[in-house]
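Asks: Predicted coordinates and the sequence they were generated for:
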Amino acid sequence: MDKYLDRLGIYAARLVSQKEYFVPGHRACQGCAEALAVRLMSKASRTNTVIACATGCIEIFSSPFPLTSWMVPGIHVAFENTAAVASGIESGLKAIMRKGRIPLKKINVVGIAGDGGTSDIGLQALSGALERGHNMVYVCFDNEAYMNTGIQRSSSTPFGASTTTSPAGKVVPGQTTWKKNMPEIAAAHDIPYVATACPSYPFDLMEKVRKAAEIEGPAYIHILSVCPTGWRLPPELSIHAGRLAVETGVFPLYEVERGRYKLSIDLPELRPVQEYFRIQGRFRHLTEEMVNKIQRRVREEYEKLKKKVMMTREG
Amino acid sequence: MRKVLTGNQAVAYGVFLSRAEVISAYPITPQTTIMENLAELWADGVLEAKFLRVESEHSAMASIIGASMVGARTFTATSSQGLALMHEMLHWAAGARLPIVMVNVNRALGAPWNIWSDQTDSLSQRDTGWIQLYCENNQEVLDTIIQAYMIAETVSIPVMVVLDAFFLSHTSEVVEIPEGGEVEKFLPPYRPRYRLDVNDPHSFNLMVSPDYYQEFRYKIQMAMEEAKVVAEEVDGRFAKVFSRGYGLVEDYLCDEAELILVTTGTVTSTSRQVISQLRQKGQRVGLLKIKMFRPFPVQEVRAHLKGVQKVAVIDRNISFGCGGIFAQEIKAALCDQGERPQVFSFVTGLGGRDITPSVISEVIEYTRRNDRPEKEVIWVGMRG
């Protein structure tokens, strides 16, 4: 698959600053792709960044008092309101800059939350902040369940996945609803920038964060963050699982820039979803019939996405 | 400058004169006209603030927590259901030690639906760590907003300024508006001790283990104790500059009183009339108005009620299964005093029902007639 990364250039790694803004020593699980994604995001947003962090894995593992892994200032204010808090930070900074109390300069305001904090309990606050048009970046680290409280299903948990509150039982085969399409919900707010990313594609992720921070107005990035603990997956397969999510079309990488859709990696052929499912314990109960049902849906969704790319193409 | 203002207009003037920098609010009757008045000032460029028209009261408080954390002076206002929705964030604002000022227009909570005056909304926020100041008239509302910023920014505790729905919020009175330059001298710009600063990064509101949490709580309690002293000082300084002061409590015709009526909010004004008439008739009755509910002015209450035989407390609120909330607080303040008055607890005026002079006279008459209350809570002004 390396050929699909061509456009990023093999020298890209050398262009990334060595400086870290999210440093080691935190308490994330082994193989946590979310921790990696946060690190990459921080490398891209760099200094002059203020973080508003929702309750969740990141908040717990990165900053148990009196320690912190953050080299940029940050605030945690409960669970469902990260976007509202970030919008207040952005407004407050503008207000005190205008009065000359701090120097006038660009400060990135970044709200971060998990899939529960975004697509469930934080959706209203996020919608409000996106609609109001604050100059901020909102990043959802999607590990597809409430991992911090012990793997409970969210509206972002994929169909068929077994979690502690959508267990694969004798009658009910795990999660019975389809994953909520958060990037599309964000895009429906007609904001200037929406993207999906995955730390298995680090340069793509950083490029998207950089772009989101530079664009004037609200930007939304949805990052698939493989969770070995919750997905029942050996930690050394985290990066591999992220790649399979993309290559099977389960989690396509794309951008919506001022309404125009663009695939970050255009896959001529999707790998079978079974390859992605096989390595994860949360899907091991799936029958062939269920796998086929999911396969059909993944293809349909991918085709829909490609049509949006076609329809919004320039010229 | 003197103007005829509703309570909610007085709030807007107070916020304008205090030079709030980020305002965030969501409409709810009877608060809405505060937001509308501020919106007009903002739209005309008179009020230089960021004005967030958020999608809920929860986000109103969350957003000004963010704004306050970067060092901006902030304001929001709400009522009733809105305050209840905001409840979780009130704990966060106080825990984060942010000097936010909020106005709550006292309104009843559902069910059943009612938009009129009732203190149960703000009083049920008792343990959130906010200072609470109750106002009697529109002048006090305006003055208290300015004082509230001074108190909040001194002790790093948020302040809730409370006024009665409609009796103040939508009722016009003559109000003396302080001159902007004078207010600016009295209340200098907010200089936070800690803030979200890219040149001095810190992580705020981290997870704190049992090894440290208790000390964080202790410091809030200490700040609350300090707030009583600071509020007195601020009121004193305010009185020197603007010739108006209020105190944490105010006594009215209490000299040699055998019976003291205790009130809060607008009931106080009506009670002043009744008490003054009874005094003229030779009855030894007095009035104690309580302005500060949190921190509770225990010493002041004890001092004013010392040597009095009977105390009648009027509560426009109810803690179900217990009784009137101010009466409970007063009983608690007095219970370990060697010589203490008999406290009578009256509940009335819920959901905006008028507390008329005859209701107040009935309360005083009952207290005079009986050595002890027949019940823990006496409901007055009930339909027959």
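Replies: Ah, there it is.
Asks: helix/strand/coil for whatever residue of the stretch 151-300 of chain A ends up closest to chain B?
Replies: Chain B sits closest to A:His189 of the stretch 151-300 of chain A, with a gap of 12.1 Å, by Cβ to the nearest Cβ. The C-beta positions use only the backbone N, C-alpha and C, and glycine is treated the same way. Classification of A:His189 using DSSP: H, G, I helix; E, B strand; the rest coil returns coil.
Asks: ok, it to B:Phe293 distance?
Replies: 42 Å (Cβ to Cβ, to the nearest Å).
Asks: So for the two, which sits in the more crowded spot?
Replies: B:Phe293 (24 against 17; other Cβ atoms under 10 Å in any protein chain shown).
Asks: Helix, strand or coil: sort out that one for me.
Replies: Per three-state DSSP, B:Phe293 ends up strand.
Asks: Next one: it from chain A, what distance?
Replies: 25 Å (Cβ to the nearest Cβ, to the nearest Å).
Asks: Now for the closest residue to that residue other than its chain neighbours, how many residues are close by?
Replies: Once flanking residues are discounted, B:Phe293 sits nearest to B:Gln132: 4.3 Å by Cβ to Cβ, 6 or more residues apart in numbering or on different chains. Neighbour count for B:Gln132, taken as other Cβ under 10 Å: 22.
Asks: ok, B:Gln132 - contacts?
Replies: Contacts for B:Gln132 (Cβ atoms under 8 Å, 6 or more residues apart in numbering or on different chains) come out as B:122, B:125-126, B:159-160, B:162, B:292-294.
Asks: before we move on, the earlier item: what residues are up against the residue nearest to the residue of the stretch 151-300 of chain A closest to chain B when sequence neighbours are not counted?
Replies: Take A:His189 and drop its neighbours on the chain: the residue closest to it by Cβ to Cβ, 6+ apart is A:Leu130, 4.1 Å away. By Cβ under 8 Å, 6+ apart, the residues touching A:Leu130 are A:83, A:138, A:186, A:189, A:191, A:218, A:220.
Asks: Let's verify A:Leu130: helix, strand, or coil?
Replies: helix.
Asks: CA atoms only for the helix or strand hosting B:Ser361, dumped as CSV, please.
Replies: Applying DSSP states H and E as the criterion places B:Ser361 in helix B:357-369. What follows is helix B:357-369, C-alpha atoms only, in CSV (Å, rounded to 0.1, in the frame of the first residue of the first chain):
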residue,chain,number,x,y,z
PRO,B,357,-49.1,43.2,53.8
SER,B,358,-52.0,41.1,55.2
VAL,B,359,-50.0,37.9,54.8
ILE,B,360,-47.0,39.4,56.6
SER,B,361,-49.3,40.7,59.3
GLU,B,362,-50.7,37.2,59.7
VAL,B,363,-47.2,35.8,60.1
ILE,B,364,-46.4,38.3,62.8
GLU,B,365,-49.7,37.9,64.5
TYR,B,366,-49.3,34.1,64.6
THR,B,367,-45.8,34.5,66.1
ARG,B,368,-47.0,36.9,68.7
ARG,B,369,-49.9,34.7,69.7
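Asks: which secondary structure element contains the closest residue to A:Arg27 other than its chain neighbours?
Replies: Spatial nearest neighbour of A:Arg27, excluding adjacent residues (Cβ to Cβ, 6+ apart): A:Phe61 at 4.2 Å. For A:Phe61, the element it lies in under DSSP H and E is helix A:57-62.
Asks: hmm, back to that, for the residue nearest to B:Phe293, which three-state class applies?
Replies: strand.
Asks: if we can go back for a sec, which one of the contacts of A:Leu130 sits in the busiest neighbourhood?
Replies: Most surrounded of the contacts of A:Leu130: other Cβ under 10 Å gives A:Ala83, at 33 neighbours.
Asks: So is the strand or helix carrying it next to chain B?
Replies: For A:Ala83, the host element (DSSP H and E) is helix A:82-98. Yes. Applying Cβ under 8 Å from any Cβ of the partner chain, one finds helix A:82-98 touching chain B at A:84-96, A:98.
Asks: Packing partners of that helix?
Replies: strand A:49-53, strand A:108-114, helix A:123-132, strand A:137-142, strand B:22-25, strand B:50-53, helix B:57-69 (3 or more Cβ pairs under 8 Å, 6 or more residues apart in numbering or on different chains; DSSP states H and E).
Asks: neighbours around A:Asn181, how many?
Replies: 14.
Asks: do you know how far it is from A:Lys308?
Replies: From A:Asn181 to A:Lys308 the distance is 12 Å (Cβ to Cβ).
Asks: Pull the contacting residues for the residue lying closest to B:Arg237 once chain neighbours are set aside.
Replies: Leaving aside its sequence neighbours, B:Arg237 sits nearest to B:Phe186 (Cβ to Cβ, 6+ apart; 7.1 Å). Each residue near B:Phe186 by Cβ under 8 Å, 6+ apart is listed here: B:146, B:150, B:237-238, B:241-242.
Asks: Taking chain A, what residue is nearest to chain B?
Replies: Counting by Cβ to the nearest Cβ, chain A gets nearest chain B through A:Gly88, at 2.9 Å.
Asks: What distance do you get for that residue to A:Pro73?
Replies: 14 Å.
Asks: swap in A:Ser119?
Replies: 27 Å.
Asks: three-state assignment of the residue nearest to B:Gln125 when sequence neighbours are not counted?
Replies: Once flanking residues are discounted, B:Gln125 sits nearest to B:Leu90: 5.7 Å by Cβ to Cβ, 6+ apart. Counting by three-state DSSP, the backbone at B:Leu90 sits in helix.
Asks: pLDDT score assigned to residue 154?
Replies: Let's take chain A. Model confidence at A:Ser154, given as pLDDT, is 98.
Asks: Oops, wrong one, chain B.
Replies: According to the model, B:Thr154 scores 98 on pLDDT.
Asks: what sits against it?
Replies: B:230, B:234.
Asks: cool, B:Glu176 as well?
Replies: B:1-2, B:139, B:244.
Asks: Could you point out the bridge partners of it in the sheet?
Replies: Counting by DSSP bridges, B:Glu176 is bridged to B:Arg2.
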